[in-house]
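> One predicted model, sequence on top.
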Amino acid sequence: MNRFSNLWILAACAAILAASGCVKARPFRYYTISIPPAAEPSEHQPLPVTLVVGRLNAPHLLRDDRVVYGMSEVELGIDEYHRWAEPPTQMIERLLVERLRRSGQYRSVQRLSSTARGDFVLRGHLSALNEVDDPSGIKARFTLQLELLNSKSGTVVWNGYYSQDEPVSGKKVSSVVESLQKNVRAGIEQLAGQLGAYFAAHPPA
């Protein structure tokens, strides 16, 4: 390779580097979901129950912090630049704990840890927290299944299930997240109510 060829290669590399420096890096955007403050706690004494909210199982994509979107009923994708502030499984666990604590129905509600001990363990599976595109429009899908395990007997004493597609008004990721928040709030409220109804029908000794 002669000197002119080397100079041409160096000039080409310099041009590429200069061009790449002119392109601004696309910023990451982060999202989270919250639940509204609960109504005034019940005046009744809390049940003598300690609940431990265990780890949620989920597909690999929902254990990652990247926002998931559906290209079809059988194909999912991830967005590198739009991310959750925490992995969806951890976020839903946190929201469950917040909602159950605010209800004032239970003596204690804890997240699973090496020191947490409870009378019952609430665990489950997060199947969907993503955008879904279909001919009728964009929707935000939330699907969560829960089960309540009696720690003493080792048996499952209650099951709850929620699955809903919430319409999305816009095409931006932020619009999808807003609809997901609405859906998650409704789902957690429904499941918490069903769990409370179980304990009302089966009061602990």
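Now that the structure is in, tell me what you want to look at. Keep in mind that what you see is a predicted model, and the values were worked out from it rather than measured.
> Can you list the low-confidence ranges for this structure?
Residue ranges of the chain with pLDDT under 70: 1-24, 38-43, 72, 114.
> just so I have it, where are all the strands in it?
29-31, 47-57, 66-72, 75-84, 106-111, 120-134, 137-150, 155-167 (DSSP state E).
> State the number of residues packed around residue 134.
The burial count assigned to residue 134 is 11, neighbours taken as other CB atoms under 10 Å. From N, CA and C alone the C-beta is placed, and that goes for glycine too.
> Tell me what it is bridged to.
For residue 134, the beta-bridge partners under DSSP bridges are residue 137.
> if we can go back for a sec, okay, the strands of the chain in CSV with distance to residue 95 next?
Converted to CSV, the strands of the chain look like this (distance: least, CB to CB, whole Å):
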stretch, distance to residue 95
strand 29-31, 14
strand 47-57, 10
strand 66-72, 17
strand 75-84, 12
strand 106-111, 11
strand 120-134, 11
strand 137-150, 10
strand 155-167, 13
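> quick one, which of those is nearest to residue 197?
Residue 197 sits nearest to strand 155-167 of all the strands of the chain, at 9.3 Å, using CB to CB.
> for the closest one, packing partners?
Counting contacts by 3 or more CB pairs under 8 Å, 6 or more residues apart in numbering; DSSP states H and E, strand 155-167 is packed against strand 120-134, strand 137-150, helix 173-201.
> The same query, at a cut-off of 6 Å, please.
Judged by 3 or more CB pairs under 6 Å, 6 or more residues apart in numbering; DSSP states H and E, strand 155-167 is in contact with strand 137-150, helix 173-201.
> Give me the contacts around that strand.
Applying CB atoms under 6 Å, 6 or more residues apart in numbering, the external contacts of strand 155-167 come out as 139-141, 143-150, 179, 182-183, 187, 190-191, 194, 198.
> Could you say which of the helices and strands packed on strand 155-167 is packed most deeply?
strand 137-150 (a mean of 19; mean count of other CB atoms under 10 Å).
> Convert the C-alpha atoms of that one to PDB, please.
What follows is strand 137-150, C-alpha atoms only, in PDB (Å, rounded to 0.1, in the frame of the first residue of the first chain):
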ATOM      1  CA  GLY A 137     -55.700   0.700  17.900                       C
ATOM      2  CA  ILE A 138     -52.900   0.700  20.400                       C
ATOM      3  CA  LYS A 139     -53.600  -0.700  23.800                       C
ATOM      4  CA  ALA A 140     -51.700  -1.100  27.100                       C
ATOM      5  CA  ARG A 141     -51.900  -4.600  28.500                       C
ATOM      6  CA  PHE A 142     -51.500  -5.600  32.100                       C
ATOM      7  CA  THR A 143     -51.800  -9.200  33.300                       C
ATOM      8  CA  LEU A 144     -51.000 -10.300  36.800                       C
ATOM      9  CA  GLN A 145     -51.800 -13.600  38.600                       C
ATOM     10  CA  LEU A 146     -51.400 -13.800  42.400                       C
ATOM     11  CA  GLU A 147     -51.600 -16.600  45.000                       C
ATOM     12  CA  LEU A 148     -51.600 -16.600  48.700                       C
ATOM     13  CA  LEU A 149     -49.600 -19.200  50.500                       C
ATOM     14  CA  ASN A 150     -50.300 -20.200  54.100                       C
END
